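Colleague: Build the 3D model from these lines:
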Amino acid sequence: MDLHQPEQIISDILAKQNNLSTVAFVGCGASKADLYPAYYLLLHNSRSIRVGHFTANEFVYDTPSWVDDTTLVISASLGGTTPETVHANAVAKERKAHVVSLTQTKGSALTKDADHVIIHRFSENYAAKLEKMGYAMALASELLHRKEGWAGYEKMKAGFDRIYDLAQKSAESVKKDATAFAQAYKDAPVIYLMSSGASMEVAYSTSICLMMEMQWINSGYFHAGEFFHGPFEIVEKGVPFILMMNDGPTRHLDARALTFLERFDAKTTVIDALDYGLASAVDKEVINYFNPMLLVAVFRVYAEELSYARQHPLTKRRYMWKLEY
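Modeller: Coordinates of the predicted model:
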């Protein structure tokens, strides 16, 4: 990951529009989820920047009234061809917003209406799969630094220097546990996902993409803080859950949910950032924003092992890319 690129992009945008006051993160599915930690970072730290996080077609058909030349739109699409996100970029440019797009594909349709493009890696290894998320956070961190002198800026930069190696090593270390998980869950009729904080949409994307899209497993997800406001009523012995636990300010929410799951003997798998030494790699002031990167890398191995156990490749689809819809 090259931190100089987000620095230069934000510098260029602010040179053209120093009055930048709103940021919209726009994507679909896993790409939308990859933008969530950056959204969360701005939402919880900025005193002057309005921020939104949108699925692309909602942005297209119900565009926020505040999108104009004081807006930065950060969009993402892995292959750069997601029609809804490509359309969202065009809408953003019609409103004179500044558009930065994240994709792994040079010259893709997503880049057409983008003022700036960041090409990230993906398939090389587990760490590479985190770059889209990392670049979005780097853009958010840089904007906070330039606009408000955010105190966490240098700690974020130090975290970026360490998180990729930690995530890769953590993913490589879980094969045995992931294989056991796959055998235990391969015949589950439904799997529920739960997390909190900046990792909430890791649970979301794991549920809708890795489980429903890539494995055709019925699934649902919810915030650990909302668990006791409805979802906990389905808990009983043997009901399958995956809890993605954070190391940081929202850990109490995850731990409270885990206590209840264990109390009623639910079938629970815990992916815990604390187990992989996240606190030794990043400062506690910014640890919440790096939880999702570590959790994504580790759970990817679990998803791969599940696909092997079920003899259902992660690339197999029933409708996607095969039908008009």
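
Colleague: For the rest of this, base every contact and every neighbour count on C-alpha atoms.
Modeller: Fine.

Colleague: For Ile10, which non-adjacent residue is spatially closest?
Modeller: If you skip the residues right next to it in sequence, Ile10 has Leu143 as its closest partner in space, 6.3 Å away by C-alpha to C-alpha, 6 or more residues apart in numbering.

Colleague: In which helix or strand does that neighbour reside?
Modeller: Using DSSP states H and E, Leu143 sits in helix 131-148.

Colleague: contacts for that helix?
Modeller: With C-alpha atoms under 8 Å, 6 or more residues apart in numbering as the contact definition, helix 131-148 has outside contacts at 1, 3, 6-7, 10, 31, 34-35, 37-39, 41-42, 46-47, 74, 76, 102-103, 118, 120-122, 150-151, 153, 156-157, 160, 293.

Colleague: what's the average pLDDT for it?
Modeller: Per-residue pLDDT over helix 131-148 has a mean of 98.

Colleague: Centre of the chain to that helix, how far?
Modeller: 14 Å (C-alpha atoms, centre = their mean, to the nearest Å).

Colleague: next structured bit after it?
Modeller: Beyond helix 131-148 on the C-terminal side, the first helix or strand identified by DSSP H and E is helix 153-172.

Colleague: So which elements touch that next one?
Modeller: Helices and strands touching helix 153-172, as assessed by 3 or more C-alpha pairs under 8 Å, 6 or more residues apart in numbering; DSSP states H and E, comprise helix 131-148, helix 278-281, helix 287-309.

Colleague: residues of stretch 198-210 that come out buried?
Modeller: Neighbour-count burial for stretch 198-210, counted by 16 or more other C-alpha atoms under 10 Å, picks out 198-210.

Colleague: same deal with stretch 159-169?
Modeller: So, applying 16+ other C-alpha under 10 Å, buried residues of stretch 159-169: Gly159, Phe160, Asp161, Ile163, Tyr164, Leu166, Ala167, Gln168, Lys169.

Colleague: hang on, the earlier thing: among the buried residues of stretch 198-210, which are in helices?
Modeller: Counting by DSSP state H, the part of the buried residues of stretch 198-210 found in helices is Met200, Glu201, Val202, Ala203, Tyr204, Ser205.

Colleague: Next up, the contacts around the first one.
Modeller: If I follow you right, that is Met200. Residues near Met200 by C-alpha under 8 Å, 6+ apart: Met194, Phe222, His223.

Colleague: Which single one of these is nearest to Tyr325?
Modeller: Phe222 (27.2 Å; C-alpha to C-alpha).

Colleague: Now stretch 17-29 - C-alpha only, PDB.
Modeller: Output for stretch 17-29, consisting of C-alpha atoms alone and laid out as PDB, is shown next (Å, rounded to 0.1, in the frame of the first residue of the first chain):
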ATOM      1  CA  GLN A  17     -11.900  23.100  -3.100                       C
ATOM      2  CA  ASN A  18     -10.700  24.100   0.400                       C
ATOM      3  CA  ASN A  19     -14.300  24.300   1.500                       C
ATOM      4  CA  LEU A  20     -14.800  20.600   1.200                       C
ATOM      5  CA  SER A  21     -17.500  19.800   3.800                       C
ATOM      6  CA  THR A  22     -19.200  16.500   2.900                       C
ATOM      7  CA  VAL A  23     -18.000  13.000   2.100                       C
ATOM      8  CA  ALA A  24     -20.100  10.200   0.500                       C
ATOM      9  CA  PHE A  25     -18.900   6.600   0.500                       C
ATOM     10  CA  VAL A  26     -20.600   4.600  -2.300                       C
ATOM     11  CA  GLY A  27     -20.500   1.000  -3.400                       C
ATOM     12  CA  CYS A  28     -22.300  -2.300  -3.500                       C
ATOM     13  CA  GLY A  29     -21.900  -5.500  -1.500                       C
END
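
Colleague: from the chain's centre, how far out does it sit?
Modeller: Here the centre of stretch 17-29 is set off from its chain's centre by 16 Å, with C-alpha atoms, centre = their mean.

Colleague: and what of stretch 126-141?
Modeller: Worked out by C-alpha atoms, centre = their mean, stretch 126-141 lies 9 Å from the chain centre.

Colleague: what does stretch 115-134 give?
Modeller: Distance of stretch 115-134 from the chain centroid (C-alpha atoms, centre = their mean) equals 12 Å.

Colleague: Likewise for stretch 166-184?
Modeller: From the chain centre to the centre of stretch 166-184 is a distance of 20 Å (C-alpha atoms, centre = their mean).

Colleague: wait, what's in contact with the most centrally placed residue in the chain?
Modeller: The central residue of the chain, meaning the one whose C-alpha is nearest the mean C-alpha position (C-alpha atoms, centre = their mean), is Asp34 at 2.8 Å. Listed by C-alpha under 8 Å, 6+ apart, the contact partners of Asp34 are Lys132, Met133, Ala136, Glu201, Val202.
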